[in-house]
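> Turn this into a structure:
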Amino acid sequence: MKKKVISMLLAAAMITAMTAGCGNSSDGNKGDDAAAGSETDGTGDQADASDGNTGELENVSLTMWGAEEDQTMLQEMIDAFKEEYKDKANFDIKLGVCSESEARDNITTDVESAPDVYAFASDQIQTLLAAGALQEITLNAEGVIEANGGADAGAVKAATIDGKLYAYPETADNGYFMFYNKEYFTDDDVKSLDQMMKIAADNGKKITLDYTSGWYLWSFFGGAGFELTLNEDRSNTCNINGTSASGVKGTDVLQGMIDVCKNPGFVSLQDAEFVTGLNDGSIIAGINGSWNAETAQKAWGDNYAAAKLPTFTCGGQQVQMGSFAGYKLVGVNPYSKNVGHAMMLADWITNEANQTKRFEVRGACPSNVKAAEADAVQQNIALAAISAQSQYAVLDGVQSDNYWDPMTALGGICIDGNSNNDDLQKLLDNAVEGITQPVAGE
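Residues are numbered from 1 along each chain as shown. Model (predicted):
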């Protein structure tokens, strides 16, 4: 680590240069976070309440949101940040709870009152930027790009729009794969979803995938060769109501999805329910992500294993399931009164050391190249499964705001077993009509 004095001087210089163009007003924005008695300098960062010559430190208040399961780890990162920069400012940093998957909905409800720093899934970046919730990264931008693999690296691309960096990459594992308990499944068993469901049913157990989330449901359509693309106006083009490039009918995919839900060895569970199932022993396999790897490992011990997604039955043939491959990013709110210091904090919690810490504590795959090269990362079971699935994955972030609700509706019909016997083609036509609608405000 750089010597503290040099680090502080560089940070101070960067903040001065960066905040000059921020353009945020100094009144009415995030007033609850302002330090008592301090003045604002009109650039978004607070000026020292003193005349600058007394040696007194400025008071800087920041708020940060992170996932519930990360709270202890994030607080340790915050404490280390405050210690590192204790000679720069008196930091008062409040930590709140918000999962990366829910950041978009919570932030865009009231951007001006949203936290200074927050983590989010990479597929949300377009919406957050359009809502005015992301500050362009100007503090250590070139260093961040280089550390995370360069401009062509997936994590950097996910954080970049129109050639500008709008977030700090945090992890490179925001995708999903198959967890399984080796007590019940062999390596060959997990190649077939049908075989896995049969084994689960025979043992009075379940395997799971979240049918309420379009993020997971795309695994069926994506694997069958259907396309979802993001247009310049941020709307979607989607062809799941037709025939894919590989010759698969969308109706066959939807019927296959319904058949899965009807299987006695399957249950649709959301993330928290998946964790409960791991711990109570009712779930012996499930499609989920690396953020639950530690929980699965504790639940299954030496029987813990992971693999790429299996094939599923579709129109009488076996089709490899696809996936979205995404990243977790950390953004800075342009409405922050301390936007420069907020960037310092965001840069800190996503640096090499803290990406390594995140891997050690949560099993998250670093996007930082040096952190990812560690032997422990390379040998990690969950991350190896992500790597194996990557050849069947498409980059996350192609979903418009109008993608999610129609896919959730389809998932609900599948869970219900299409009890109304609705025409499958009509269901897909309705879904595509909703998915491809122009995005509000465009």
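
> ok, now how distant is Lys308 from Tyr392?
Distance, Lys308 to Tyr392, by Cβ to Cβ, to the nearest Å: 7 Å. Using the backbone N, CA and C atoms, a C-beta is placed for each residue, glycine as well.

> Look up phi and psi at the most centrally placed residue in the chain.
The centre of the chain sits closest to Ala121, judged by Cα atoms, centre = their mean, with a distance of 2.7 Å. Main-chain torsions, Ala121, degrees, to the nearest 10: phi -80, psi 140.

> Contact partners for it?
Glu100, Ser101, Ala103, Arg104, Asn174, Gly326, Tyr327, Lys328, Leu329, Asp396 (Cβ atoms under 8 Å, 6 or more residues apart in numbering).

> the more surrounded of Lys308 and Tyr392?
The neighbour comparison of Lys308 against Tyr392 (other Cβ atoms under 10 Å) goes to Lys308, with 21 against 16.

> Could I get the pLDDT score of that one?
According to the predicted model, the pLDDT of Lys308 comes to 97.

> now the one 4 residues further on
If you check Phe312, the pLDDT there is 98.

> same question, Ile15
41.

> Over to Asn24?
Value listed for Asn24 in the pLDDT field: 35.

> Please convert the contacts of Ala121 to a markdown table, extending it with pLDDT and secondary structure.
Putting the contacts of Ala121 into a markdown table (pLDDT from 0 to 100; DSSP: H, G, I helix; E, B strand; the rest coil) gives the following:
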| residue | pLDDT | secondary structure |
| --- | --- | --- |
| Glu100 | 93 | helix |
| Ser101 | 88 | helix |
| Ala103 | 96 | helix |
| Arg104 | 93 | helix |
| Asn174 | 83 | strand |
| Gly326 | 88 | strand |
| Tyr327 | 92 | strand |
| Lys328 | 95 | strand |
| Leu329 | 97 | strand |
| Asp396 | 84 | coil |
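
> Buried ones only from the residues you listed, please, as a ChimeraX command.
Buried residues among the contacts of Ala121 (16 or more other Cβ atoms under 10 Å), as a ChimeraX selection:
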select :100,101,103,104,174,326,327,328,329,396
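
> Now the phi/psi pair for the residue nearest to Gly222 when sequence neighbours are not counted, please.
Excluding its sequence neighbours, the residue lying closest to Gly222 (Cβ to Cβ, 6 or more residues apart in numbering) is Gly322, at 3.2 Å. Backbone geometry at Gly322, expressed as degrees, to the nearest 10, gives phi -100, psi -170.

> For Gly322, the count of nearby residues, please.
21.

> Just want to check the distance between it and Gly250.
Gly322 sits 14 Å away from Gly250, going by Cβ to Cβ.

> Also Asp79?
Asp79 is 52 Å from Gly250, by Cβ to Cβ.

> Neighbour count: the two, which is higher?
Gly250 (25 against 11).

> Does that one touch Cys238 like I think?
No - applying Cβ atoms under 8 Å as the test, Gly250 and Cys238 come out as separate, 9.9 Å apart.

> residue boundaries of the helices in the stretch 1-150 of the chain?
Listed in chain order, the helices found in the stretch 1-150 of the chain under DSSP state H, counting those that start in this stretch are 4-19, 71-84, 103-109, 125-130, 141-147.

> list the helices and strands the second one packs on?
Applying 3 or more Cβ pairs under 8 Å, 6 or more residues apart in numbering; DSSP states H and E, one finds that helix 71-84 contacts strand 58-66, strand 89-97, helix 339-349, helix 352-362.

> Likewise for the last one?
Packed against helix 141-147 by the contact rule (3+ Cβ pairs under 8 Å, 6+ apart) you find strand 164-165.

> So what are the sheet partners of the strand it packs on and their directions?
Next to strand 164-165 in the sheet, as set by DSSP bridges, lie strand 160-161 (antiparallel).

> avg pLDDT for the partner strand?
pLDDT averaged over strand 160-161 gives 94.

> Can you check what pLDDT the model gives the residue lying closest to Met407 once chain neighbours are set aside?
Leaving aside its sequence neighbours, Met407 sits nearest to Gly214 (Cβ to Cβ, 6+ apart; 3.0 Å). Looking at Gly214, its pLDDT is 95.

> For Gly214, the count of nearby residues, please.
So Gly214, with other Cβ under 10 Å, has 23 neighbours.

> what do you get for Pro438?
When neighbours are counted by other Cβ under 10 Å, Pro438 comes out with 12.

> what's the nearest residue to it once chain neighbours are set aside in contact with, if anything?
The spatial neighbour of Pro438 that comes closest, neighbours along the chain excluded (Cβ to Cβ, 6+ apart), is Ser235 at 5.3 Å. Residues near Ser235 by Cβ under 8 Å, 6+ apart: Ser400, Asn402, Thr436, Gln437, Pro438, Val439, Glu442.

> picking up where we left off before, lowest average pLDDT across the helices of the stretch 1-150 of the chain?
Lowest mean pLDDT within those: helix 4-19, a mean of 38.
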